[in-house]
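> Just the structure for this:
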Amino acid sequence: MIRKVRHLVDAKPRTFGVVFILLAGSGYGTGPWFATNLELNGANPMGFLTARFVISATLLIAFRLVRMGTANMPPLHDAMKIFALGAFGFFVSPLLYFVALQDLDSGLVVVIFYIYPALAVILSWTIYAHKPNRVITVCLFTTLTGVWLTAGQVGDGNTRGVLITLFSAVTHAIYVVAAGTVSKKADPLTMLTIALTGAACAFGLVSLLGPNSLNPEFPINTKGWIYVVAMALLITIIATALFFAGIKRIGPGVTSMVETFEAVVTISIGVMLMNESVTAIQILGTVIVLGSIVAIGLAESRAEARGDSQSGKHPGAHSGTVLDLPIS
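Reported below is the predicted structural model:
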C-alpha cells in the first residue's frame, strides 16, 4: 500500500506538491485556536512554543534513531544550514506572529501577515531568477485580495502590533525562499529532525538566557499540556513534513501562494469553534482564495503534463517525499 501511494505521488510531483502545501496550511491554520486555548490554560507564546518545539524535536530524534540510526546524515556544512533554517524560521516568525495576536485582532494580523506571498515571489525572482508566469502573477493579486476580504472588518490596531506582524511576514518570506534550496540537502526525515532541533535549541536558549520580556510561561494543568502535545504533532511534525515535501516539488513562489489557504482555515475554525461570525464578504474572499489555489493546481498539473511529453522521463525520479522513510 505504501509503495502504491509513493508511486502515485512520484508520478505527479508538482500536483501533489500543491496538495501537500494545502494540507500543511490546514495544519498551520489551527495555530490561533491552539494559542487561545493554551493562554486560557496559563501559557504565553514563548512558553507554549518552547514546549512545542522541544517535544517535537525529542520525538523526531528518537524516531530517526530507531528507523535510521546514525546513517545518511548530511555533510556538516549542509546540516548546519538546515539547523540554522530551523533556528531562524521556526523561532522568529512564529513567535512574532503569536505575540502580535495579543496586540491586534486576528483579522488584522492575517491581513498584514499575508503580504508575505508577494515578498516570497519577489525574493524568489530576485535570488533564483524564478520569474513568475502569468498565472502566478494573476493568482498573487487574487489570493491577496481574497485573504483581505476573508479577514473581514478588522479592529483598531497599534503601531507596535502592526510592526511586529510586518516583521513576522518578512521573516517568514525569507524562511520560505531559503527552505526551497535547503530542503534538498537531506532526506525528508533527517531534514525535519535537524530543522526542528534547531528551533528547539533557539527557544531553549532564549528561554534560559533571554530578557525578562521573553520569559516562558508554561501550561498550568494537564489539559494545557495535552494541547501542547497535539500542537507538536499536528502543526509541527506533520504539517512541517508536508511543507518540506511540497516546497521541494513546486518551489517557494508557488508554495507561498498555496499556503494562503491557512487563512481560510483559521477563519473557518473561528466561525465553527470560537463563535466568530461570518459575513457574505468573507465567504466571497474564501471563494476567491480557493479559486486561485485551484487555478495554481491546474497550472502545475498542465505544466507537469507538458514536461512529461517533452522529456519522456519520470517526473518524480529524483524527488523525495514525506513517505520516503525506510519501510523495512
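> Just list the residues touching residue 48, thanks.
Neighbour list for residue 48: 34-35, 38, 218-219, 227-228, 231 [criterion: CB atoms under 8 Å, 6 or more residues apart in numbering]. Placement of C-beta: from N, CA and C, glycine included.
> what do you get if the cut-off is 7 Å, keeping everything else the same?
38, 228 (CB atoms under 7 Å, 6 or more residues apart in numbering).
> Tabulate the CA atom coordinates of the host helix or strand of it in CSV.
Assigned by DSSP states H and E, residue 48 belongs to helix 45-68. What follows is helix 45-68, C-alpha atoms only, in CSV (Å, rounded to 0.1, in the frame of the first residue of the first chain):
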residue,chain,number,x,y,z
PRO,A,45,3.5,32.3,23.4
MET,A,46,7.1,31.9,24.5
GLY,A,47,6.1,29.1,26.8
PHE,A,48,3.9,27.0,24.5
LEU,A,49,6.2,27.5,21.5
THR,A,50,9.2,26.4,23.6
ALA,A,51,7.4,23.3,24.8
ARG,A,52,6.0,22.6,21.3
PHE,A,53,9.4,22.5,19.6
VAL,A,54,11.3,20.7,22.4
ILE,A,55,8.7,17.9,22.4
SER,A,56,8.7,17.7,18.6
ALA,A,57,12.5,17.6,18.3
THR,A,58,12.7,15.0,21.0
LEU,A,59,10.1,12.7,19.3
LEU,A,60,11.8,13.1,15.9
ILE,A,61,15.3,12.4,17.2
ALA,A,62,14.1,9.2,18.9
PHE,A,63,12.1,8.2,15.8
ARG,A,64,15.0,8.7,13.5
LEU,A,65,17.5,6.8,15.7
VAL,A,66,15.1,3.9,15.7
ARG,A,67,14.4,3.9,12.0
MET,A,68,17.8,5.0,10.6
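> tally of neighbours for residue 58?
When neighbours are counted by other CB atoms under 10 Å, residue 58 registers 14.
> now the angle from the helix or strand encompassing residue 246 to helix 45-68?
When elements are defined using DSSP H and E, residue 246 is found to belong to helix 239-258. Put simply, helix 239-258 runs at 120 degrees to helix 45-68, going by axes from the mean of the first three to the mean of the last three CA atoms, to 10 degrees.
> Show me what helix 239-258 packs onto, helices and strands only.
Where contact means 3 or more CB pairs under 7 Å, 6 or more residues apart in numbering; DSSP states H and E, helix 239-258 is packed against helix 13-28, helix 116-128, helix 134-151, helix 159-182, helix 188-209, helix 280-311.
> again, 10 Å this time
When contacts are defined as 3 or more CB pairs under 10 Å, 6 or more residues apart in numbering; DSSP states H and E, helix 239-258 packs onto helix 13-28, helix 45-68, helix 116-128, helix 134-151, helix 159-182, helix 188-209, helix 280-311.
> Residue 96 is nearest to which of those?
Proximity to residue 96 (CB to CB) singles out helix 159-182 among the helices and strands packed on helix 239-258, at 3.7 Å.
> quick one: buried residues of that closest one?
Buried residues in helix 159-182, counting neighbours by 16 or more other CB atoms under 10 Å, are found at 161-162, 164-166, 168-182.
> and that helix, what other elements does it pack with?
Other elements packing on helix 159-182 under the criterion 3+ CB pairs under 10 Å, 6+ apart are helix 76-89, helix 92-103, helix 106-113, helix 116-128, helix 188-209, helix 239-258.
> So for residue 57, which of the ones you listed sits nearest?
Nearest of the helices and strands packed on helix 159-182 to residue 57, taken as CB to CB: helix 188-209 at 3.9 Å.
> Averaged pLDDT, the closest one. What do you get?
Helix 188-209 comes out with an average pLDDT of 92.
> relative to helix 239-258, how tilted is that helix?
Here helix 188-209 runs at an angle of 90 degrees relative to helix 239-258 (the same axes, to 10 degrees).
> mind listing what's buried in helix 188-209?
Using 16+ other CB under 10 Å as the burial criterion, the residues of helix 188-209 that qualify are 188-203, 206-207.
> now do stretch 31-41
By neighbour count on 16+ other CB under 10 Å, the buried set for stretch 31-41 is 31-35, 37-39, 41.
> Could you tell me how many residues sit around residue 103?
Counted with other CB under 10 Å, residues neighbouring residue 103 total 17.
> Local confidence estimate at it?
In this prediction residue 103 is given a pLDDT of 76.
> Not counting its neighbours along the chain, what's nearest it?
Sequence neighbours aside, residue 161 is the residue nearest to residue 103 in space, at 3.2 Å (criterion: CB to CB, 6 or more residues apart in numbering).
> gap between that neighbour and residue 109?
Residue 161 sits 8 Å away from residue 109, going by CB to CB, to the nearest Å.
> Between those two, which contacts overlap?
Residues touching both residue 161 and residue 109 (CB atoms under 10 Å, 6 or more residues apart in numbering): 100-103.
> filter those residues to the buried ones?
For these, buried by 16+ other CB under 10 Å: 100-101, 103.
> Using a markdown table, lay out those together with distance to residue 291.
Listed next are these as a markdown table, based on distance: CB to CB, whole Å:
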| residue | distance to residue 291 |
| --- | --- |
| 100 | 28 |
| 101 | 28 |
| 103 | 32 |
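> Pick out whichever of these sits closest to residue 126.
Using CB to CB, residue 100 is the member of those that lies nearest residue 126, at 26.4 Å.
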